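**Student:** sequence and predicted model, in that order:
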Amino acid sequence: MRVLGIMGSPRLGGNTDLLLDAALKGAVDQAAEVEKVVVDQMNISPCREHYGCLDDGQCVIRDDMDALYPRLTEADCVMVASPIFFYGVTAQLKALIDRCQALWARKHVLKQAWPGGGRTGAFLGVGATMGDKLFDGSIATVRYFFRTIGVEYSEELLVRGVDRKGDILQHPSALREAFEMGARMARRNAGRGIS
């Protein structure tokens with residue numbers, strides 16, 4: 001069983017990173033094979049609307065997305081983690097999501113075969129403020145991203161009031177909840193892929 005963790009924060013060792021690491025440790029605890037992708041360390045250009053993907057399902061831009069597309073379609077579980085920037089995911093993560101237009105074209109325009117059902121996903125969001133709608137924009141974006149790559153939006157862990165690097169350590173329940181979520185996601189997908 002393969003779990004792909006997508007870390008959308010530019011701050012290594014920060015709150016989002018620690019939360020995702022806890023979730024991935026929970027998956028490892030259930031014998032899952034995990035991979036963590038740090039988007040800020042990748043060369044991912046934003047979508048430039050060339051629309052070449054509508055012809056053959058391939059993006060015309062050559063960068064690190066080439067290696068990421070198969071990982072997105074082959075993972076049994078995808079976990080996306082992002083801090084909230086202006087009520088949305090980070091620009092780095094949004095560029096990755098926008099470039100999945102090529103996968104959308106494969107599925108909906110070209111009607112290509114798609115990975116089997118049962119793949120699940122989770123969103124881990126960290127925000128500094130306490131606003132009621134703090135996570136709404138990010139949740140909508142991640143839901144549509146998951147739908148595009150054929151993953152069911154199954155769980156979310158949303159942590160408010162966390163800003164300075166390391167603040168998440170003052171919320172031990174959040175790290176425990178992330179670990180437990182990772183373990184649940186791995187158990188839920190245990191019948192898929194390798195274990």
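**Tutor:** Arrived safely, thanks for sending. In this text, all values refer to a predicted model and were calculated from it rather than measured experimentally.
**Student:** end to end, how far does stretch 154-169 reach?
**Tutor:** With CA to CA, to the nearest Å applied, stretch 154-169 spans 25 Å between its terminal residues.
**Student:** now do the SS call for the residue nearest in space to the middle of the chain.
**Tutor:** Central residue of the chain (CA atoms, centre = their mean): Val80, 2.3 Å from the mean position. Per DSSP: H, G, I helix; E, B strand; the rest coil, the secondary structure class of Val80 is strand.
**Student:** excluding chain neighbours, what is closest to it?
**Tutor:** Of all residues not flanking Val80 in the chain, Ile6 sits nearest, at 4.8 Å (CB to CB, 6 or more residues apart in numbering). Where you see a C-beta, it was placed from the backbone N, CA and C, and this is true even at glycine.
**Student:** pretty sure that neighbour sits in a strand.
**Tutor:** Yes. The assignment for Ile6 is a strand, going by three-state DSSP.
**Student:** so who does it touch?
**Tutor:** By CB atoms under 8 Å, 6 or more residues apart in numbering, Ile6 lies in contact with 37, 39, 78-81, 93, 96.
**Student:** can you give me the strands for this structure?
**Tutor:** Secondary structure of the chain by DSSP state E: the strands cover 2-7, 33-38, 77-83, 120-126, 152-159.
**Student:** I'd say Leu103 and Phe146 touch.
**Tutor:** No. Leu103 lies out of contact with Phe146 (CB atoms under 8 Å); the separation is 11.3 Å.
**Student:** quick one, helices of this protein?
**Tutor:** 15-29, 53-56, 65-74, 91-98, 101-104, 136-149, 172-188 (DSSP state H).
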